[in-house]
Each structure stands twice: as structure tokens, then as C-alpha cells.
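Chemist: Have a look at this prediction, sequence included:
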Amino acid sequence: MIGLSGAAVSLGVDRLVYGRWTVNQVNFLLFNFCSNGASFYGVQPWYWYLTSGLPSILTLHLPLALVGWLFDAMSGHRWFMQPCILLKGRPRTKEKIVAKYFGVWIAWTTFAYSCLAHKEFRFLFPLFPLFIYCAGRGLFHLHRIVTKSRWTQSFCSPLRLLIGLLVAVNLAVAGYTCLVHQGGPDALMSKLASQAAAANWADMSPRPKILFLMPCHSTPYLR
């Protein structure tokens with residue numbers, strides 16, 4: 001009932017906005033999968049999410065997520081667990097089931113988006129909470145391993161160094177992406193605005209116009 005109600009509301013809103021009956025979800029499918037219209041905005045190879053997308057959005061969390069998922073999903077397999085003799089006990093059934101469901105969901109989503117020619121980092125953002133959960137499980141398993149080490153109680157224990165490295169890398173990436181990365185469009189718009197004010201473009205006839213021939217979403221200033 002909830003799904004049907006949502007679909008009915010969506011159809012009604014689309015009918016009101018477009019002035020005709022249409023299904024946006026079907027239009028999205030036809031545009032992106034059938035006509036390959038998304039390729040107009042850029043094309044990447046099929047492996048782009050594996051070699052660039054996931055490493056870029058997860059950074060050091062990616063290997064931790066792999067460790068956490070492997071230890072949870074592969075528990076019970078002797079070929080995998082025998083080398084891990086430092087671990088006490090096995091992950092509970094609940095963690096194993098969660099890891100398998102998360103693994104299937106992550107693999108299917110990544111595969112589906114990899115089939116599209118046009119790829120973006122933001123397409124993977126819905127998977128981020130799942131990866132963070134797996135990364136947390138990876139930290140948990142590493143903590144169980146390093147408890148055997150004599151450096152565990154030290155201020156410079158491996159686990160503390162790893163957590164400190166995670167924090168430092170994320171702060172550095174956040175600072176760079178927020179303050180430096182792709183800052184050219186903002187600087188350009190400020191420069192053009194100052195030139196327009198100095199030359200009094202607003203009173204010119206005909207009024208000067210600027211045409212940007214740039215990739216998709218290169219500037220946040222749209223009219």
C-alpha cells in the first residue's frame with residue numbers, strides 16, 4: 001500500500017508539472033539504459049569504480065572494509081580462518097549474515113553502475129554507510145589481533161596509529177576538496193563580476209553575455 005500510494009502521488013505530481021501523463025522512472029530508464037543519453041556527460045571504462053571511484057571516496061577505509069567483510073563473511077572456512085590463529089572464537093551468525101547481505105548489495109550496485117558508460121562518484125554514496133560498517137568491523141578484528149602484541153598498551157600502539165592516520169587523511173582530504181579542489185570556477189566568476197562592475201556592463205546596450213563551454217556542473221552559477 002505504501003509503494004502504491006507513493007507511485008500514485010508521483011504520477012499525480014508529474015501530471016501536474018508536465019501537463020501530461022508520464023512516468024519519470026521509466027523515462028530515466030529509457031534515457032540512461034536504452035538510448036545511452038547519459039554518455040553525453042562523459043564516458044569512463046567499466047572498471048572505473050574499482051580503480052578510481054571506490055578508492056577515492058573511501059581512501060583508507062577501503063582496505064579496512066575489505067578486512068572486516070572477509071573476516072565476517074568467510075568465518076567457518078578453514079582455508080581462511082586457519083592462518084588467523086591470533087583471533088579468538090568466530091564471528092557470530094548475525095555478523096556473518098549481515099556481511100553476506102551487504103556484500104551482495106555492494107557487488108550488485110557496483111556492477112549495475114559499471115554497466116553504464118557515464119559514471120560519477122556520487123552514484124556510490126548510498127553504499128557509503130555499508131562500507132563504513134565493514135570498516136568498523138575491520139578495526140574490531142584488527143583490535144583483537146593486536147591485543148596479542150606487547151605494544152597494545154603503548155601510546156603508539158598499531159591500532160592508535162591506524163586510527164590517527166585515518167583521522168589525519170580524512171581531515172587532509174576534506175580540507176583540500178573544500179578549499180582548493182576545483183576552485184577555479186568560483187575564482188573565475190569573482191573575476192568576471194569585478195570586471196563587469198568596473199566596466200558598467202549593466203548599462204551597456206546590447207548587454208554583454210558570457211558563454212561557458214565547459215563540462216557538466218563545472219560552475220555552480222546557473223540561471
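Modeler: Received it, and whenever you're ready, just let me know what you need.

Chemist: so what are the domain limits for this structure?
Modeler: Annotated domains of the chain cover 1-35, 43-180 [the TED database].

Chemist: Mind checking what helix or strand follows the helix or strand Leu139 falls within in sequence?
Modeler: Leu139 belongs to helix 128-146 when elements are defined using DSSP states H and E. Later in the chain than helix 128-146, the nearest helix or strand by DSSP H and E is helix 158-179.

Chemist: tell me how far that next one is from the chain's mean position?
Modeler: Here helix 158-179 is found 17 Å from its chain centre; the criterion is C-alpha atoms, centre = their mean, to the nearest Å.

Chemist: for that helix, packing partners?
Modeler: For helix 158-179, the helices and strands in contact under the criterion 3 or more C-beta pairs under 8 Å, 6 or more residues apart in numbering; DSSP states H and E are helix 128-146. For glycine as for every other residue, the C-beta is placed from the backbone atoms N, C-alpha and C.

Chemist: and the angle from the helix it packs on to helix 158-179?
Modeler: On the basis of axes from the mean of the first three to the mean of the last three C-alpha atoms, to 10 degrees, helix 128-146 is oriented at 150 degrees to helix 158-179.

Chemist: Assign a three-state SS to the nearest residue to Val43 once chain neighbours are set aside, would you?
Modeler: What sits nearest to Val43 in space, not counting adjacent residues and going by C-beta to C-beta, 6 or more residues apart in numbering, is Ala117, at 4.6 Å. Classification of Ala117 using DSSP: H, G, I helix; E, B strand; the rest coil returns coil.

Chemist: I'd like the distance between Ala117 and Thr110.
Modeler: Using C-beta to C-beta, to the nearest Å, we find Ala117 at a distance of 15 Å from Thr110.

Chemist: pretty sure Gln44 is in contact with Ala117, am I right?
Modeler: Yes - contact criterion C-beta atoms under 8 Å: Gln44 and Ala117 qualify, at 7.3 Å.

Chemist: Run the chain-centre distance for stretch 203-220.
Modeler: Offset of stretch 203-220 from its chain centre (C-alpha atoms, centre = their mean): 31 Å.

Chemist: Show the average pLDDT along that stretch.
Modeler: In this model, stretch 203-220 carries a mean pLDDT of 77.

Chemist: Touching it from outside, list them.
Modeler: Identification of contacts with stretch 203-220 by C-beta atoms under 8 Å, 6 or more residues apart in numbering yields Tyr41, Gly42, Pro185, Asp186, Leu188, Met189, Leu192, Ala196, Trp201.
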